[in-house]
Structure formats: C-alpha cells, structure tokens
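Participant: Give me a 3D structure for the following:
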Amino acid sequence: MENKHVKPTSIEGVYTRRPIIIKDRSRAVHPHITSASYFHHHTDEINLVESYADPQLEEALLSSMKIDLPEVNPPKKARRKKSKPSESSPWSAKRKLVTAMLSILLVGFSIGGWYGARIIGEIDKVFHGNIFSDASALFSQATLKGQDQGRVNILVAGDSADDPGHGGADLTDSIMVVSIDTQNHTGFMLSIPRDLWVNIPGLQSYQKINAANTVTNFNTSGYPSGGMGQLEQVVETDLGIPIDYYALVNYGAFKDAVDAVGGITIDIQSSDPRGIYDAYTNLKLPNGEDYLNGQEALNLARARGDDAAGDISYGFQNTDFTRTENQREMVVAIVKKADTLGVLTNPIRVNQLFGALSNNLKTDLNFQDVLALTDLIKTVNLSSLGSYTYSYSSANPLLVSYKDPGSGESALIPAAGIGNYGQLQEYYQQLTSSNPVIKEGASVELLNGSDVVGLAKQEETTLRSKGVDNVSIADANNEYPGTMIIDNSGGKDPSTKQLLEQLFPGSVVTSNSSSLEAGEAQGYTTSFVVVLGKNLDNTQNLN
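Facilitator: Here you go, the predicted model:
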C-alpha cells in the first residue's frame, strides 16, 4: 500500500535520534524519518543526513516545535562506547551549564529568532563581548580573580542614574561587598554606609564615601578607570577589603529584575507593630512575609523612613541602615527566586533578566567570569548567606555620628576617630577568618589588680597574639590575691571564654556576682572583664 506523505510545515535543521511524529496543521504522520537523522524540505523530497546532536538540545528544540518523540526501541546498531564523565566531575557540571545556555539560544530561535538574538545582544552589551567570545566562554573554564586565594570579593554599588530628575544621581547611595569563600562554600554581604566620612584622593578632601563615584577622571594602575575605580581604591585602602570585581547598578535594576523573576517574597521584621511606612515612596508593608512586585521592590530599595510634607514615616528605626538591610534581603530573594523558577530554561524570562541587567548594570566582569561566578554561587547555601554592616547603635559601636565644621554635613566616622579605620579593618578580618576567636570579635577589658606594674599591658599583647584584637586595659581599684573573669557575653562568645580560662586561671562569674572583683566590672560594656590578681606570675610565659 502506498504511503501518503504530507509535506512537513516549514521545519529546518531539526536533529533526531529516534523515529518521530511530525504534527502539522492537518496532524498527518510521517513514519519514515529514522534514527540519528535530520530532515528538511526541498521541493517534494525528504533528505536524510547523519548527524551527532546533543540529545538535551534535541529535546528542548523538538519540544518547542511541537514534535513528539514516542518511546520506541531504536534499531540495533553497533556503536563505539564513549566514556561518560562522572556527574560530580567539574566537566560534567560545566557541560550541563553549556547545554543549558545553548538550549536557551536554540529554543529562543525556534520560538522566534528575535528572542535568541536579543539574548545574545544583551549578554554582549553587559559583559563586553561578541558572538565569538560568547562561544569561547561556553566551551572554556575561567578562574576568577581571588579564587586561588580562597575568596572572591565583588564591590556592588547602586546609584540613581535611571532617575534623570534625581539630584546627585551619580552618588552611590548603596554600597556593599559580596564576599564568597571558594573553599568552604560560604558567603556574606557587608554594607558600607553611604555617609562614611573618608578621604577621596580624586576630590582632594574628606567627603562622604558615596561621592567617590563622581570622580569620573580617575585613572590609577591596578584599578578600573572612572568613579568605581576611585571607590574601589578607597574601600581597599581605608577598609582593608581586597576587591576583585565591581558592579554598578542603578535602582531601576530592582524593579526590572524583580519583574523578570515574577516577584519576590521578603520578611519584614520592624520594631513597630504596624510594620513599615515610608512617606517619601508611599510604601506600606506589615510585619511578616510580604510579596513585592517590581515597583514595590524599587520603593523599598529607596525607602529609609524620610517624612514628606507632614506625612510621618514609621518602622525605619535605623534609617539608612534599615534601608541597606532591606536591600541585602532583596538581593538574596531575587537570586533564590530566579533559581526556583529555572530562569535559564525559560527564554522569555532570560530575555527579561538580561534586559534588566543591560539597561541598569556596568561591570568589569566578562561573560566567561559570569559563567564561573554562576558555578561558584551554586555551591553556596543562600539561606545561610551572612548579612552585615558596621555597628552604629550598639553598646560598642564601630561608627559614631559626626558633623563637619566646615561644610556642616552630617556624616559617620570611626569610633576611634577620623581617619582611624583599624577597627573597621579588624571587622572584615573577623568576618573572613577561620579562627573562631577572631570570628567572635569579642571585646575584653583587662584590669590590673596585682602588685606587678605593667602586667595588664603584657597580657594585652598575649591576647592580641591569640586573635583578640578588641582589648583595652586599666588599673583595678584594689589589689586581689586571685584572678577573676567576669562574663558579660551572654554565652555568645564561647571560644573567647575558653581562651581566657586557659590564659588566666581563676574563677568565672557574671557581673551580677556579689564578689568585689565583679564589682570592678560595673560600668564596663565589654564582652569580658578580667581582673588580674597576684596569682599571675609576670615572669611566666603564658604563650
């Protein structure tokens, strides 16, 4: 019986490994397209050609073109065995990423070539590439700067360049460092207050750190050119944070990125039972989990509790510090939502996301760096990503308020004084150290209650050599036969407590104790107070 073939609808370059059913408008079937072949229409003939397509790409492309692959046994044929990479091998992970990226492009073209071309265009616009460098990046493996040293740091800053009516649009009102431990697969975000008073070389004066980005003529070896290079230099020099890459994002990125992933959920925990209200942006959110669309996310990114025309805001206890905390939470929420949705397998979502980036992002990361960074971020548990800033309103703040006598500007300076960034540098070391004592960052007051002059100074040196950097000394009001450790930490610094017990044999009490030694600790806000007694021999090597 003669087979009746219906001409397939305009389908070209479709790769298959099995018999396939082609659905055209009349739903006729062509049963004779065989394994490991592709077909195209030329006049009234079907030409079969051998090929070696990736089956994952095949599935994605055929699915998008409404081509069914029935489960049938392929014809038996002698085939040479190929070694299969282990699923846990680096190449296996890289192959999955390459396959996913190629699938995006191919499926995009099959839906309508515009999407695939648009995605490529957005990638090149953001990451300084072209079609050839994109292809090279997909089939090569990059090592990120800092990766060999075990940590990659990215300086992220936000400006208002998307708002032409905004005064000071080039000021980076949001600054944070995203730090990833490449060995332990952990990470944290550290916000840098925009009002931190620093010396900006390009402006030849002390200014708020958010003005560094305005130095557009900055050009110093070892740093990117322009304002972000100036900001990078200040962060490295003053705060002691090595920077590997930068990303300058305008606030519109929050709106576009959140819309691209279909909205995000964040958890508002305000001290005000009503939640938060920002009069300037007219944003009102109750405490608890809140769903945000793009515009609401943009409003929250900008909100810091400013009053407007007599309208009173609430819920922003620490103003700009509350704002940066919300921004850090939204960054994590966007990344989590993108991963949950599987954005990289949805060409429309990918187009929206890259569109958001290309319109709102400047960076010195290239496409190959981004692929490597994507692989790295996948190894980090985002739920345990740390979120920090320099303390301002705590009992032992790192920053205090300041008003410049010349300009009258209100700013923040280190608690140790203008230009004294030692404690801020120690805080970064605390966040990145593997030493549990350093990570706790506990503060210790040493009171000399012995009859040995200079004993407290000697023990301060010992403590610092063990990783306790926040140490101060004074004389006790009285002399004591034994040493006592007064614990004010509330159990938060167990490693430091253990170290003190090893170095200073004696009893451990809390400040509520009725002992005379505990009375010496009254008025001190440090984590621990150590009253050094006569039982300590200053000639003993306590190291």
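Participant: so how far is residue 488 from the closest residue to residue 284 other than its chain neighbours?
Facilitator: Spatial nearest neighbour of residue 284, chain neighbours left out: residue 277 (4.5 Å); criterion: C-beta to C-beta, 6 or more residues apart in numbering. (Each C-beta comes from the backbone N, C-alpha and C, glycine too.) To residue 488, residue 277 is 36 Å away according to C-beta to C-beta, to the nearest Å.
Participant: can you list the domains in this protein?
Facilitator: For the chain, automatic domain parsing gives the domain ranges 14-68, 151-250+393-430, 436-532.
Participant: Reformat these as TSV; add distance to residue 301 and mean neighbour count.
Facilitator: Listed next are the domains of the chain as TSV, based on distance: least, C-beta to C-beta, whole Å; neighbours: other C-beta atoms under 10 Å:
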stretch	distance to residue 301	mean neighbour count
domain 14-68	35	15
domain 151-250+393-430	7	18
domain 436-532	29	18
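Participant: CSV please, covering those and showing distance to residue 373.
Facilitator: Shown next, in CSV, are the domains of the chain (distance: least, C-beta to C-beta, whole Å):
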stretch, distance to residue 373
domain 14-68, 23
domain 151-250+393-430, 7
domain 436-532, 25
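Participant: Helix, strand or coil: sort out residue 392 for me.
Facilitator: coil (DSSP: H, G, I helix; E, B strand; the rest coil).
Participant: now swap in residue 232 and tell me
Facilitator: helix.
Participant: In this structure it contacts residue 242, no?
Facilitator: No: using C-beta atoms under 8 Å, residue 232 is not in contact with residue 242, being 9.8 Å away.
Participant: right, and the domains of the chain - which one's nearest residue 360?
Facilitator: domain 151-250+393-430 (5.0 Å; C-beta to C-beta).
Participant: how far away is residue 215 from residue 226?
Facilitator: Using C-beta to C-beta, residue 215 is found at 8 Å from residue 226.
Participant: before we move on, back to that, let's have the domains of the chain in JSON lines, adding mean pLDDT and distance to residue 321.
Facilitator: As requested, these are exported to JSON lines (pLDDT from 0 to 100; distance: least, C-beta to C-beta, whole Å):
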{"stretch": "domain 14-68", "mean pLDDT": "40", "distance to residue 321": "46"}
{"stretch": "domain 151-250+393-430", "mean pLDDT": "91", "distance to residue 321": "7"}
{"stretch": "domain 436-532", "mean pLDDT": "91", "distance to residue 321": "18"}
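Participant: Go through those and name the closest to residue 359.
Facilitator: Across the domains of the chain, residue 359 has its closest neighbour in domain 151-250+393-430 (8.0 Å, C-beta to C-beta).
Participant: Endpoint to endpoint, the closest one covers what distance?
Facilitator: 14 Å (C-alpha to C-alpha, to the nearest Å).
Participant: ok, now stretch 362-380?
Facilitator: 24 Å.
Participant: and the residue lying closest to residue 395 once chain neighbours are set aside, what does it touch?
Facilitator: Closest residue in space to residue 395, ignoring its immediate chain neighbours: residue 525 at 4.4 Å, by C-beta to C-beta, 6+ apart. By C-beta atoms under 8 Å, 6 or more residues apart in numbering, residue 525 lies in contact with 395, 396, 443, 488.
Participant: can you name the two of these that are farthest apart?
Facilitator: 396 and 488 (11.0 Å).
Participant: Run a quick check on residue 486 versus residue 529, I expect a contact.
Facilitator: Yes: shown here, residue 486 and residue 529 form a contact pair, counting by C-beta under 8 Å, at 4.3 Å.
Participant: Could you pull out the residues contacting both of the two?
Facilitator: With C-beta under 8 Å, 6+ apart, residue 486 and residue 529 have common neighbours 511, 520, 521.
Participant: The first one: what secondary structure?
Facilitator: What it means is residue 511. Per three-state DSSP, residue 511 ends up coil.
Participant: and after the strand or helix carrying residue 187, which helix or strand comes next?
Facilitator: According to DSSP states H and E, residue 187 maps onto strand 186-191. Downstream of strand 186-191, the first helix or strand assigned by DSSP H and E is strand 197-200.
Participant: Which strands border that next one, and is each parallel or antiparallel?
Facilitator: strand 205-208 (antiparallel) (DSSP bridges).
Participant: contacting residues around the partner strand?
Facilitator: 194, 195, 196, 197, 198, 199, 200, 404, 409, 411, 418.
Participant: which residues does the second one contact?
Facilitator: When contacts are counted by C-beta under 8 Å, 6+ apart, residue 195 is found next to 208, 209, 210, 320, 410, 411, 412.
Participant: Setting the sequence-adjacent residues aside, check what's closest to the fourth one.
Facilitator: By the measure of C-beta to C-beta, 6+ apart, the closest residue to residue 320 outside its immediate chain neighbours is residue 304, 5.1 Å from it.
Participant: where do the helices sit along the chain?
Facilitator: For the chain, the helices defined by DSSP state H occupy 55-64, 90-127, 131-138, 227-239, 252-260, 294-302, 320-341, 347-360, 367-377, 422-432, 436-440, 455-465, 494-503, 516-520.
Participant: other SSEs contacting the fifth one?
Facilitator: Under the contact criterion of 3 or more C-beta pairs under 8 Å, 6 or more residues apart in numbering; DSSP states H and E, the helices and strands touching helix 252-260 comprise helix 294-302, helix 320-341, helix 347-360.
Participant: and the angle from it to helix 320-341?
Facilitator: Per axes from the mean of the first three to the mean of the last three C-alpha atoms, to 10 degrees, the angle that helix 252-260 makes with helix 320-341 is 30 degrees.
Participant: Okay, angle between helix 252-260 and helix 294-302 too, please.
Facilitator: 140 degrees.
Participant: quick one: average pLDDT of helix 252-260?
Facilitator: Mean pLDDT, helix 252-260: 84.
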